[in-house]
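Enquirer: fold the stuff below for me.
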Amino acid sequence: MSATLITGGLVLEEDGPAVADVLVVDGVVADVAPDLAAHGAEVLDASGCWVGPGFVDLHTHLREPGGEYKEDIASGTAAAAAGGYTAVVAMPNTDPAVDAGHLARFVAERGAAAGYVDVMPAGCLSAGRRGTALAHLDELWEAGVRLFTDDGDSVEDAGLLRRAMEYLQQLGGVVVQHAIDRGLAAGGHMHEGTVSSRLGMQGVPALAEEIVVARDLALVRLTGARYHIQHVSTAGTVALVAEAKAAGLPVTAEVTPHHLAFCHDDVATTDPVFKMMPPLRTAEDRRVLRAALEEGVIDVVATDHAPHAPHEKDVPFEEAPNGVIGLEWAAAVVSSVCNLDAETFFTRMSITPAAIAGLADHGRRIGPGRVANLVVFDPAGEWVATTTVSRSGNAPYLGRPWRGSVAATMLRGRITSAPVGIRR
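Expert: Below you'll find the predicted structure:
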């Protein structure tokens, strides 16, 4: 028998947060109550910490198969565990792209072998992410895929997207869109605005995102399909999401830590670590994104963890690939820049993303009989990020102070990150 007693934390129970101890036995929560006895269990002191369901990321690039020199499933999921995650959804823009059942099973099996977090593969919407024919949606569904996306590219063919929506609406799957119009974004490296003008650099207008979302929402009205918008970056998109929700459409949206933390003013340094797609927008867009997350117009935080090898980012800004890593710092960023109480924090980081992905054993409030997929998070812990578990280091968070740190991550009762304050 293995047992761990987490003591003195603010625990997200069924009726809300309360100070209590959590006894975990053989991977399951055995009891939640004040002043529990250890009975030989390992003891983790969670005084001053929040104890809740492990974080769930709907948007992780693990790069395997095909991009292992940037990241592989083992290194990426180790970074996820260090950041408090117990489950991640792996994006399918690998080489080969995950457009068939056997490829989805490969990703899931590699995640299980690594053992840090549960890995749920997303599947492509189109074959090879080429946007010309549907992927093997039935095979992917049978392999356990529930989220479908051509992430890295938008599905431009509205007829193809409609067919995908109609098919997945019948199955209950989620259509996930990387909303960037290729034509409007062509040649752009950062947000089209005052900073791009000052630098003489071609920009990506906010409309490149908003026009895709507006079109897709019309298709959602037609088909009734569940629809999830990745990495929302503009105030205009937030307004479209709010309107869609008010109309009762089955729409959800995510925001990344980097769009919450930074804006296009940070890109003025032309440091490639700030290059991503969609680009960092204005300070006003950032303010609206933070408010939308606090209010629930934006449903979840998703990292868009996108590793690149050092030699790929160590080039002039215009030549660098888009993307930053973020699994290890997402919770700290949210804690630092947003005003969320414990219940809302876990709703955005754990409960709602698990519900969107259909992960029954994740994102559950803590109670007896539930699988012990947990995180202990210190909302007041101040620290400076200096290292990363990821194989890549393209992180704008490094060298900066943050408030809020992960003390321990637990997957089915087994601690998968370096715990703080544990004793035998």
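Enquirer: and the contacts of the host helix or strand of H311?
Expert: Element membership of H311, judged by DSSP states H and E, is helix 310-313. With contact meaning C-beta atoms under 8 Å, 6 or more residues apart in numbering, helix 310-313 is reached by K70, P272, V273, A320, P321, S392, G393, N394. From N, CA and C alone the C-beta is placed, and that goes for glycine too.
Enquirer: repeat that with 10 Å
Expert: Residues from elsewhere that reach helix 310-313 (C-beta atoms under 10 Å, 6 or more residues apart in numbering): 69-70, 271-273, 275, 307, 319-321, 323-324, 391-394.
Enquirer: what's whichever helix or strand comes after it packed up against?
Expert: Following helix 310-313 in sequence order, the next helix or strand is helix 330-337 (DSSP H and E). Applying 3 or more C-beta pairs under 10 Å, 6 or more residues apart in numbering; DSSP states H and E, we find helix 330-337 packed against strand 55-60, helix 257-261, helix 283-295, strand 300-301, helix 342-346, strand 374-384, strand 401-411.
Enquirer: how does it look with 8 Å?
Expert: strand 55-60, helix 257-261, strand 374-384, strand 401-411 (3 or more C-beta pairs under 8 Å, 6 or more residues apart in numbering; DSSP states H and E).
Enquirer: buried set for the lengthiest helix in the chain?
Expert: Criterion DSSP state H: the longest helix present in the chain is helix 207-223. Going by neighbour count (16 or more other C-beta atoms under 10 Å), the buried part of helix 207-223 is 208-217, 219-220, 223.
Enquirer: can you list contacts of that helix?
Expert: 154, 158, 161-162, 165-166, 169, 177, 179-181, 184-185, 188, 225, 227, 229, 232-234, 236-237, 240-241, 244, 247, 249-251, 278.
Enquirer: quick check: mean pLDDT across that helix?
Expert: Averaging pLDDT along helix 207-223 gives 98.
Enquirer: what's the spacing between it and its chain's center?
Expert: Put simply, helix 207-223 sits 22 Å off its chain's centre (C-alpha atoms, centre = their mean, to the nearest Å).
Enquirer: closest to E14 among the buried residues of helix 207-223?
Expert: Nearest to E14 among these: V220, at 32.4 Å, using C-beta to C-beta.
Enquirer: A242: what's it in contact with?
Expert: Contacts of A242 (C-beta under 8 Å, 6+ apart): A292, V297.
Enquirer: please apply the same query to the one 4 residues further on.
Expert: Residues in contact with A246, defined by C-beta under 8 Å, 6+ apart, are absent; none qualify.
Enquirer: please tell me how far it sits from T223.
Expert: 19 Å (C-beta to C-beta, to the nearest Å).
Enquirer: got the contact list for R391?
Expert: Counting by C-beta under 8 Å, 6+ apart, R391 has contacts K70, E71, D72, S75, G76, P307.
Enquirer: no further queries at this time; thank you.
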